[in-house]
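1. what's the 3D shape of this:
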Amino acid sequence: MKQPFEQIVQAHGLSVLRVCRSLLDEHRAKDAWSETFLAALRAYPQLDPEANVQAWLVRIAHRKAIDELRRHRGEDLETDPAAHAPSTEAGPEGRAENLELWQLVKQLPEKQRLVVAYRYLGGLDYRQISQILSGTPEAARRAAADGISNLRRRMDAGSATGGKP
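-> Predicted coordinates for the structure are as follows:
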């Protein structure tokens, strides 16, 4: 038996928003999040009861985020870097660290950025990621490892230069 849709939104809403934020600024990520759940609500009655709901939602979110990027291609995105950072309940120091990390993630090559977002923000496994990105689980694992390594190098370089990666 399927869960009520409201429970799905509560259980997976944050993961979907994180995936949207990995590709979009704050405002557009919220639009893509809304579009994701509107599309999911329409398709939910036909979803196989055995389907992995989180992977299904992340796939929809990925497509909606790409649609949003295409729709606004060439427009100036927000220039306030805080608009690109996920919100956090931490104090100013935690928000600053989060903002720095978020900016570094945004600088990763596209495949690394997507795999890191799906794995560590969306909570998907490498098999699910490979299905979304049309690759293999091994390639997704390699891209995640390369992305994390790249992030560590950039973070180390940033701390050695006083916070400027």
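
2. Now do the helices in the protein.
-> 5-23, 26-43, 53-71, 92-107, 110-116, 126-133, 137-160 (DSSP state H).

3. any chance of the ones you listed in TSV, plus mean neighbour count and mean pLDDT?
-> For glycine as for every other residue, the C-beta is placed from the backbone atoms N, C-alpha and C. What follows is those, written out as TSV (neighbours: other C-beta atoms under 10 Å; pLDDT from 0 to 100):
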stretch	mean neighbour count	mean pLDDT
helix 5-23	19	89
helix 26-43	18	92
helix 53-71	19	87
helix 92-107	15	63
helix 110-116	20	88
helix 126-133	19	87
helix 137-160	16	87
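
4. The protein - how does it break down into domains?
-> Here the domain parsing of the chain from the TED database is 1-78, 95-164.

5. and the first one, how far out from the chain's middle?
-> Going back to what we said before, that points to domain 1-78. 10 Å (C-alpha atoms, centre = their mean, to the nearest Å).

6. pretty sure H62 contacts I132?
-> Yes: counting by C-beta atoms under 8 Å, I132 is a contact partner of H62 at 5.9 Å.

7. overlap in contacts of the two?
-> Y118 (C-beta atoms under 8 Å, 6 or more residues apart in numbering).

8. so what's the residue nearest in space to the middle of the chain up against?
-> Closest residue to the average C-alpha location of the chain: V19 at 1.9 Å, with C-alpha atoms, centre = their mean. Residues near V19 by C-beta under 8 Å, 6+ apart: 58, 61-62, 65, 117-118, 121-122.

9. how does it look with 10 Å?
-> 29, 32-33, 36, 57-62, 64-65, 114, 117-118, 121-124, 132 (C-beta atoms under 10 Å, 6 or more residues apart in numbering).

10. ok, now A65?
-> Applying C-beta under 10 Å, 6+ apart, the residues near A65 are 16, 19-24, 28-29, 31-33, 35-36, 114, 117.

11. Send over stretch 48-61 as CSV, restricted to the C-alpha atoms.
-> What follows is stretch 48-61, C-alpha atoms only, in CSV (Å, rounded to 0.1, in the frame of the first residue of the first chain):
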residue,chain,number,x,y,z
ASP,A,48,4.6,1.1,-9.0
PRO,A,49,4.1,0.4,-5.2
GLU,A,50,7.5,-1.3,-5.2
ALA,A,51,9.3,1.7,-6.7
ASN,A,52,12.0,3.6,-4.9
VAL,A,53,10.2,6.9,-4.2
GLN,A,54,13.3,8.9,-3.3
ALA,A,55,15.1,7.9,-6.5
TRP,A,56,11.9,8.7,-8.5
LEU,A,57,11.6,12.1,-6.9
VAL,A,58,15.3,12.9,-7.4
ARG,A,59,15.0,12.0,-11.1
ILE,A,60,12.0,14.3,-11.4
ALA,A,61,13.9,17.1,-9.5
